[in-house]
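Student: Here's a sequence, model it:
(chains A, B, C and D)
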Protein chains: 2
Amino acid sequence: MKVEKISELTTNRLSIYLRCVNELLCDGTKTVSSEKLAKRFHLNSAQIRKDLACFGEFGVRGVGYYVEELRDHLQKILGLDREHRVAIVGAGRLGTALADYYGFNQTNFEVAALFDTDKGKIGNRLGNVEIFAIRDFAKIVKRENIDVVVIAVPAQYAQEVLEDASKAGIKAVMNFAPTPLKVEDDVKLKNVDLMISLESLSYFLATPDTPAGKS
Amino acid sequence: MKVEKISELTTNRLSIYLRCVNELLCDGTKTVSSEKLAKRFHLNSAQIRKDLACFGEFGVRGVGYYVEELRDHLQKILGLDREHRVAIVGAGRLGTALADYYGFNQTNFEVAALFDTDKGKIGNRLGNVEIFAIRDFAKIVKRENIDVVVIAVPAQYAQEVLEDASKAGIKAVMNFAPTPLKVEDDVKLKNVDLMISLESLSYFLATPDTPAGKS
DNA sequence: GAATACTTGTTACCTTTTTCACAAAACCGA
DNA sequence: TCGGTTTTGTGAAAAAGGTAACAAGTATTC
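Tutor: All right, here's what the predicted structure looks like:
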């Protein structure tokens, strides 16, 4: 096991491995080699081994990995062995769509609060989740033990929301607003930029000789 | 100008440059140097020059880049000088949220059709956009000149939708379902995987000594 | 018109990431 | 127990990506 800094590319792949391993578990598979895993899910076996080796020696030579054990390790590494409480800021279509996204409420991420500035929305509920005034952000974050914030507001308000989150002690933020945000060094900001993805598709369509491939 | 294959990292940055350049245009800026652009938007000037140089010599030594001209070049390169017609498959919350996303209808991407299997939804309209039966997919794609498909259905149906799209001649697909899809070599598939992003945040929270930083 | 200041395009260098290859380890069948 | 097979973990090589440095242009000043 190497003690070095883990790249985000690696942790992203761990998420994928976890998903694959869960699928194997559903099939009733007990053990799996990196080679079999790679073949089935179109991955690279050396990379799987190397990624996993960053966190310990989970495999058994000659056998492979015990699927259930591997799942437990991956969940632990990714911090999915405990619940995360999510606040979504912006109760527009995107925010409300995210609030009952398959990912949430089916995993250890629980949407605990929505926020908006629209008085017509404040106080309403979306399923079990109440829509609060953004003014009460810090208070609710504390009361509801929120540790992850999703920014789903128009671009011009995103920076402000990020700063509110930072002030409230939030360390993990996912941003859907298509604008570059400045962030404190101790806050992890993950940008999800649909325009970039769309324009990447557009580039591909405009450039016939480019090899396609996933991403 | 180098003639080599362009990486997706490069084209993604072109999207960002375009966004920055548009902001400069709003400010009335006429010319900009790679250095000024880099300073203002927290980029690297050498990388900007290198990325741009892949596509031609757009700059003037001693001056920099003419902002308007640069915008036109970037739009052309990214294929944004012509309209793209988008179909969204899955008229659930996510699909409908995407249908009136800021990105669409404010740019050259026009949502031309929604698709669903739910008889209660088929025939309804969301703004100007009609919801069609997935059965009519190929027909509508042709009639509406659709060239980009967005998959916003539950994971278990995603592969099927992708294959329908491929059969209908679609070459650019954006997938929101959290599952790995197999795709023809000539189809560009762009995955937007919110679970991976969330789990990346979770990893960060679970690993206190990790430096944060954007992504 | 020459000297100075500025900025690009590009090469060379450095860092990160991926892939390859194999010794070491564990299992299996006889 | 032993020889053969499988498969991991890892160091070394290769590929990809990012940064720095600078020669070659262009504009501006005096």
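
Student: tell me the mean pLDDT for the longest strand anywhere in chain A?
Tutor: With secondary structure taken from DSSP state E, chain A has its longest strand at strand A:109-116. Averaging pLDDT along strand A:109-116 yields 95.

Student: Can you name the next helix or strand after the helix or strand harbouring A:Asn22?
Tutor: Using DSSP states H and E, A:Asn22 falls within helix A:8-27. Downstream of helix A:8-27, the next assigned helix or strand under DSSP H and E is strand A:31-32.

Student: same for that following strand, what does it pack against?
Tutor: strand A:65-66, helix A:67-77 (3 or more C-beta pairs under 8 Å, 6 or more residues apart in numbering or on different chains; DSSP states H and E). Any C-beta I mention is one placed from the backbone N, CA and C, and that applies to glycine too.

Student: Compare the ones you listed and report which one is nearest to chain B.
Tutor: helix A:67-77 (7.0 Å; C-beta to the nearest C-beta).

Student: what about chain A, any weak spots by pLDDT?
Tutor: Within chain A, the stretches with pLDDT under 70 are A:1-3, A:102-106.

Student: List, one by one, the residues from it near DNA strand C.
Tutor: With C-beta under 7 Å from any atom of the strand as the criterion, chain A comes near DNA strand C at residues A:7-10, A:44, A:46-47, A:49-50, A:60-63.

Student: Could you rerun that using 6 Å?
Tutor: A:7, A:9, A:44, A:46-47, A:50, A:60-63 (C-beta under 6 Å from any atom of the strand).

Student: check whether the longest strand of chain A contacts chain B.
Tutor: Yes. Counting by C-beta under 8 Å from any C-beta of the partner chain, chain B has neighbours in strand A:109-116: A:Phe109.

Student: Mind telling me which residue of chain A is nearest DNA strand C?
Tutor: A:Gly62 (2.7 Å; C-beta to the nearest atom of the strand).

Student: Now do the phi/psi pair for the residue of chain A positioned farthest from its centre.
Tutor: The C-alpha centroid of chain A is most remote from A:Gly62, which lies 33.8 Å away (C-alpha atoms, centre = their mean). Torsion angles at A:Gly62 (phi, psi; degrees, to the nearest 10) stand at phi 90, psi -20.

Student: Pull up the gap between it and A:His73, please.
Tutor: For A:Gly62, the distance to A:His73 (C-beta to C-beta, to the nearest Å) stands at 19 Å.

Student: Could you pull out the helices in chain A for me?
Tutor: Per DSSP state H, chain A carries helices over the ranges A:8-27, A:34-41, A:45-53, A:67-77, A:93-99, A:137-143, A:155-167, A:194-206.

Student: What helices and strands are in contact with the fifth one?
Tutor: Think helix A:93-99. Using 3+ C-beta pairs under 8 Å, 6+ apart, helix A:93-99 sits against strand A:84-89, strand A:109-116, helix B:93-99.

Student: quick one: which of the residues of chain A next to DNA strand C is nearest B:Pro178?
Tutor: Using C-beta to C-beta, the shortest approach to B:Pro178 within the residues of chain A next to DNA strand C belongs to A:Leu9, at 18.1 Å.

Student: Could you report the distance from the closest one to DNA strand D?
Tutor: Here the distance between A:Leu9 and DNA strand D works out to 10 Å (C-beta to the nearest atom of the strand, to the nearest Å).

Student: What number of residues are in the vicinity of that residue?
Tutor: 10 (other C-beta atoms under 10 Å in any protein chain shown).

Student: follow-up on the earlier one: check the helices and strands packed on helix A:93-99 for me and report the most buried one.
Tutor: strand A:84-89 (a mean of 25; mean count of other C-beta atoms under 10 Å in any protein chain shown).

Student: That one and chain B, any residue contact?
Tutor: Yes. Strand A:84-89 lies within reach of chain B by C-beta under 8 Å from any C-beta, at A:His84.

Student: to the chain's geometric centre, what's the distance from that strand?
Tutor: Taking C-alpha atoms, centre = their mean, to the nearest Å, one finds strand A:84-89 lying 12 Å from the centre of the chain it belongs to.

Student: Can I get it in PDB? Just the C-alpha atoms.
Tutor: Provided in PDB are the C-alpha atoms of strand A:84-89 (Å, rounded to 0.1, in the frame of the first residue of the first chain):
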ATOM      1  CA  HIS A  84     -25.000  12.700   4.600                       C
ATOM      2  CA  ARG A  85     -27.500  15.500   4.900                       C
ATOM      3  CA  VAL A  86     -28.000  17.600   1.900                       C
ATOM      4  CA  ALA A  87     -29.400  21.100   1.400                       C
ATOM      5  CA  ILE A  88     -30.500  22.200  -2.000                       C
ATOM      6  CA  VAL A  89     -30.400  26.000  -2.600                       C
END
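
Student: returning to what we had before: please convert the residues of chain A next to DNA strand C to JSON lines, extending it with distance to chain B.
Tutor: Output for the residues of chain A next to DNA strand C, formatted as JSON lines (distance: C-beta to the nearest C-beta, whole Å):
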{"residue": "A:Ser7", "distance to chain B": "10"}
{"residue": "A:Leu9", "distance to chain B": "10"}
{"residue": "A:Asn44", "distance to chain B": "14"}
{"residue": "A:Ala46", "distance to chain B": "19"}
{"residue": "A:Gln47", "distance to chain B": "15"}
{"residue": "A:Lys50", "distance to chain B": "17"}
{"residue": "A:Val60", "distance to chain B": "25"}
{"residue": "A:Arg61", "distance to chain B": "27"}
{"residue": "A:Gly62", "distance to chain B": "28"}
{"residue": "A:Val63", "distance to chain B": "25"}
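
Student: is it possible to export these to a markdown table including distance to A:Ile122?
Tutor: A markdown table is the format used below for the residues of chain A next to DNA strand C (distance: C-beta to C-beta, whole Å):
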| residue | distance to A:Ile122 |
| --- | --- |
| A:Ser7 | 41 |
| A:Leu9 | 40 |
| A:Asn44 | 49 |
| A:Ala46 | 53 |
| A:Gln47 | 48 |
| A:Lys50 | 49 |
| A:Val60 | 56 |
| A:Arg61 | 59 |
| A:Gly62 | 61 |
| A:Val63 | 57 |
